[in-house]
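> build me a model from this:
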Amino acid sequence: MDLAIHPSWWLGSVPGVNSRHESSGPEPVPGPPAGERDTSAGAETVVAVATPRSLDDERPGRAAAAPATPSAATIPAQPGRRATGRSPWRRARGRLAAMPAVAWYVAVLAVLSATAAVVLRHTVFPLLSVNNDEGLYLLHARTLAEGRLFPPAPHPARSYLPWLGTVVDDHYVLKYTPFVPAIFAAGLIVTGSIDPSLAAVAAAAVIVTYLLGVELTGSRRVAALSATLLALSPLMLLQSAMVLSYLPALVLLQVTVLGVLRGRRRRQAWPVVCAGLALGVAASVRPYDVVLLLAPLAVWLAVSSTGRRWWLLRWLACGLAVPALILLLTNQAATGNPLRLPFALLEPDDRLGFGPRRLYPEDGRHVFGFTDGLRSVGDHLWLLGGWACGGVVLAAAAIAQAARRRLTAPAAMLGLGGLLFLVGYLGFWGAWNAAELWGGIRYVGPFYVVPVLIPLVHLGGWGCATLVSALLGRGRRVALAVISPVATAVLALTVVVLTGALRDNLTLTSHDRDLHAMINRMPGRPLVFVAASPRYLGHPTPVTANGPDLDSRVLYAVARGVDDLAVLADHPERAPYLLRLPPGYDRGPESSSAARLERLAVRQGDQVQMTITVGVPPTATRARSARLLLTAGTRQLSLPVDPRAGATVTLTVDADGLDPGDVAEVSGRTRPTMRAVPRGRGTSLTAQLRATDARGHEHTVDEQIVPVRIARDPAAAGSRGEPAVTVLGSVGQVAAVGTGTRPPLRIRLAAQPPAAPAEQPRAAAAVASIRKPSATAVGGR
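Numbering: from 1, shown residues only. All right, here's what the predicted structure looks like:
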């Protein structure tokens, strides 16, 4: 049986929405709203509009037939009287009272979505999620709320470097444009919290989905179904509680389509201007997504808008002008080139296409190929089947609706844009990184394909509504027999995916809670050096992020070598600690969350002794051999160790550099060997534990840097009252949390001789000379 092109009356059809997108003739200029006076030149009538009972009254085949009930009546206006003498407040109340029940349902749904976003924010993501980009957006938002475009970068700048930031002059340039951070900055300015911004974005996603659904399908109830499917999707629920760009971009993309279609249909300029504004912001935030998803619709508009192309372009350009100008100015301030995005400033190899790719300068080289792109898109689609409410059913319904040519042209173009989006993402290595190298999409959802939700819920919801209408035509029993098991399976899968995601994220959050509580138990105003890879703050955990003013009770700094002494000298009132995090900390619920906090102290003299303990590495059962590498400047010592038993090394740091004689005691049978490191620099000591597997591949298991400063002229240092050697090292563990594998390397300063000066509170004075010219401090180590 053939299904009707338009949904049946019971779906709540909206007259005159679809037909004008499909009509090839001239569109009539819309009249004024119902009950209001036409104030155009020469008009002296009041138009009262009555809504038809069903969409059948508007079909082309029935256009010549006189309706049983007139759809419009022309009532002469009385000269000298206003058509409406009500105040704006009373008119607004009247419009609210006239809202259909479906619109009230969508309003309640939007409020519930906003509430869910705030509740999830405070219960599941109180310390941000496993996606560390959240900390980047939040830092940018807090900076904008303080009236600055960039966070300041105090000396030494790389010691406070935030995740995916880079140093430019006296400030940090963050990787993303400021448009999405500005949304959250607005909430901070108004209320001091980002909760209003999260709630507003979640509510806007539901409302805009409904409005666009009405524009595409002509049915309020089909549009409400699409909004419901979006609101119930686990991907939408979790993303609505995160400080990220994916859900705001979804809202902006839908506003763009809605504004263009509505303005074109009504011949009104202001919706098109709003569409241009949304398009400009969306293109500034996620340009690749905008091009892929909207390209087919743009081509259709250019072809079908005969005689109105320049009208559309003109008003679109008016809206585009403001975000385009802001983007050019911020690009100029960030990169020195108005056409260069901050995204390309950090790492040039983080770009589209195949080949060697890197996320940040210190990242390893990842070779990205076509098969990797296929695998990553496949992983995202596989997850989307459960992370979108009814994902598989919606995809099948959308295909069926398209196959029967039951789609309007704009809806078909959105569906084509969704397919183009997936094809385009075959060449985007970021999706592969998230799916294969990091794996975070299993816990926070396939966020890169959030724009695909737009055609999925609209076309899929429309297809489901058409199918339900056809089944009801066969009888209620037949409809219930088909619909009930499908709906039950969809709801069951959605509940399983959502509960699993909440469970995993609550586990990850509990790890960060424990870490946060351990650090905050330290007395006073601690200074915590974070030893983790890569060397950024806010990664791999958002706990270790600073605010833009660097004046929180706990101040974090990157453990990176001799610069640590300068950081300590700048904050003499803070007690120093070292936070050791294992490789792969909190990558997933089953990953190691073991972390330890060690007290730091400054030791000075002609020599400083320390003990290096090598624990059993986590790969001991698979390791064929292991060795400890000690590097300082251009010299490197290699000490073989038993991967199943570990080792203990006593090392003396002196002014003449690293040599085998500095190793006084080794718990093993072999002695160290030395080699030259041509590109080595600095004076700090780097300890690396490296293991070799059964295939002969060697990899780094753990690494730690001990800040060491050597006087420029050690022989004359004593006569000038300066120490020959200054070391900032651990004097013992003070706290530990978490489970799993702990960092196997432990480096501890030897016991302080009785005649030596006290460690604290003279630590600041001990390192004050770091800024003197006599200090040897080359590079960051």
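
> from here on, just use CA atoms for contacts and neighbour counts.
Noted.

> so where's the longest strand in the chain?
Using DSSP state E to define each element, the chain has its longest strand at strand 725-737.

> after that strand, next one along is what?
Counting by DSSP states H and E, the element after strand 725-737 in chain order, helix or strand, is strand 745-749.

> what bits of the stretch 351-500 of the chain have low per-residue confidence?
Along the stretch 351-500 of the chain, segments meeting pLDDT under 70 are nowhere present.

> wait, residue 609 touches residue 662, no?
No: using C-alpha atoms under 8 Å, residue 609 is not in contact with residue 662, being 9.3 Å away.

> more neighbours: which of these two?
residue 609 (19 against 15; other C-alpha atoms under 10 Å).

> spit out the contact partners of that one.
Going by C-alpha atoms under 8 Å, 6 or more residues apart in numbering, residue 609 touches 650-653, 749-750.

> in a markdown table, list those residues along with neighbour count, distance to residue 697 and pLDDT.
Conversion of the contacts of residue 609 to a markdown table gives the following (neighbours: other C-alpha atoms under 10 Å; distance: C-alpha to C-alpha, whole Å; pLDDT from 0 to 100):
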| residue | neighbour count | distance to residue 697 | pLDDT |
| --- | --- | --- | --- |
| 650 | 19 | 28 | 91 |
| 651 | 23 | 28 | 92 |
| 652 | 18 | 31 | 91 |
| 653 | 24 | 31 | 92 |
| 749 | 23 | 33 | 94 |
| 750 | 17 | 35 | 89 |
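
> can I get those in a markdown table including distance to residue 568?
What follows is the contacts of residue 609, written out as a markdown table (distance: C-alpha to C-alpha, whole Å):
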| residue | distance to residue 568 |
| --- | --- |
| 650 | 26 |
| 651 | 24 |
| 652 | 23 |
| 653 | 20 |
| 749 | 18 |
| 750 | 21 |
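
> residue 458: which of those is nearest?
residue 749 (64.4 Å; C-alpha to C-alpha).

> so what's that closest one up against?
So residue 749 contacts 608-611, 729-731 (C-alpha under 8 Å, 6+ apart).

> before we move on, what about residue 250?
So residue 250 contacts 205, 450-451, 454 (C-alpha under 8 Å, 6+ apart).

> where's it, which helix or strand?
Counting by DSSP H and E, residue 250 is found in helix 246-266.

> after that helix, which helix or strand is next?
helix 269-285.

> show me what that following helix is packed against.
Packing contacts for helix 269-285, counted by 3 or more C-alpha pairs under 8 Å, 6 or more residues apart in numbering; DSSP states H and E, involve helix 179-191, helix 246-266, helix 287-304, helix 309-335.

> tell me the spacing between the closest residue to residue 451 other than its chain neighbours and residue 590.
Excluding its sequence neighbours, the residue lying closest to residue 451 (C-alpha to C-alpha, 6 or more residues apart in numbering) is residue 250, at 5.7 Å. Using C-alpha to C-alpha, to the nearest Å, residue 250 is found at 32 Å from residue 590.

> residue 176 now?
From residue 176 to residue 590 the distance is 31 Å (C-alpha to C-alpha).

> more crowded one of the two?
Using other C-alpha under 10 Å as the criterion, residue 176 and residue 590 rank with residue 176 on top: 22 against 13.

> could I get the contacting residues of that one?
Per C-alpha under 8 Å, 6+ apart, neighbours of residue 176: 137, 285, 341-343.

> read off the pLDDT value for it.
With respect to pLDDT, residue 176 scores 96.

> surely it is within a helix?
No: inclusion of residue 176 in a helix is not indicated when DSSP: H, G, I helix; E, B strand; the rest coil is applied; the result is coil.

> and the helices in the stretch 551-700 of the chain?
563-570 (DSSP state H, counting those that start in this stretch).

> so, low pLDDT: which residues of it?
619-621, 666-670.

> could you list the domains of this protein?
9-87, 102-131+176-345+365-502, 559-569+578-776 (automatic domain parsing).

> deepest-packed of the ones you listed, please.
Mean neighbour count (mean count of other C-alpha atoms under 10 Å) peaks for domain 102-131+176-345+365-502 among these, with a mean of 21.

> any idea how far apart the tips of that domain sit?
Rule used - C-alpha to C-alpha; the end-to-end distance of domain 102-131+176-345+365-502 is 30 Å.

> where's it relative to the chain centroid, distance-wise?
With C-alpha atoms, centre = their mean, to the nearest Å as the basis, domain 102-131+176-345+365-502 stands 15 Å off its chain's centre.

> state which helix of this protein is the longest.
helix 476-520 (DSSP state H).

> okay, the angle between that one and strand 725-737?
140 degrees (axes from the mean of the first three to the mean of the last three C-alpha atoms, to 10 degrees).

> after helix 476-520 comes which helix or strand?
Moving toward the C-terminus from helix 476-520, the next element (DSSP H and E) is strand 527-531.

> partner strands of that following strand and their direction?
strand 555-558 (parallel), strand 576-580 (parallel) (DSSP bridges).

> how about those, which one is nearest residue 213?
Nearest of the strands paired with strand 527-531 (C-alpha to C-alpha): strand 555-558, 47.8 Å.

> what are the C-alpha coordinates of the closest one, in PDB please?
These are the backbone C-alpha positions of strand 555-558, laid out as PDB (Å, rounded to 0.1, in the frame of the first residue of the first chain):
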ATOM      1  CA  LEU A 555      48.900  25.900  42.700                       C
ATOM      2  CA  TYR A 556      49.900  23.400  40.100                       C
ATOM      3  CA  ALA A 557      53.100  23.400  38.000                       C
ATOM      4  CA  VAL A 558      54.500  21.100  35.400                       C
END
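
> what are the contacting residues of it?
158-161, 525-531, 535-537, 544-546, 564, 567.

> now do that strand: distance to the chain's middle.
23 Å.

> try stretch 138-153
Counting by C-alpha atoms, centre = their mean, stretch 138-153 comes out at 17 Å from the chain centroid.

> and the average pLDDT for it is what?
97.

> start to end distance for it?
With C-alpha to C-alpha, one end of stretch 138-153 sits 17 Å from the other.

> in that stretch, what's buried?
138-145, 149-153 (16 or more other C-alpha atoms under 10 Å).

> now these in CSV, with distance to residue 390 and secondary structure?
As requested, the buried residues of stretch 138-153 are exported to CSV (distance: C-alpha to C-alpha, whole Å; DSSP: H, G, I helix; E, B strand; the rest coil):
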residue, distance to residue 390, secondary structure
138, 32, helix
139, 36, helix
140, 36, helix
141, 35, helix
142, 37, helix
143, 40, helix
144, 39, helix
145, 39, helix
149, 42, coil
150, 42, coil
151, 43, coil
152, 46, strand
153, 47, coil
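
> residue boundaries of the strands in the stretch 651-781 of the chain?
All strands of the stretch 651-781 of the chain, identified by DSSP state E, counting those that start in this stretch, fall at 663-666, 673-676, 685-693, 698-706, 708-711, 725-737, 745-749, 775-776.

> closest one to residue 186 among those?
strand 725-737 (36.5 Å).

> show me what the closest one is packed up against.
helix 476-520, strand 595-605, strand 607-614, strand 698-706, strand 708-711, strand 745-749.

> so can I have CSV of those showing distance to residue 242?
Shown next, in CSV, are the helices and strands packed on strand 725-737 (distance: least, C-alpha to C-alpha, whole Å):
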stretch, distance to residue 242
helix 476-520, 12
strand 595-605, 25
strand 607-614, 40
strand 698-706, 32
strand 708-711, 41
strand 745-749, 35
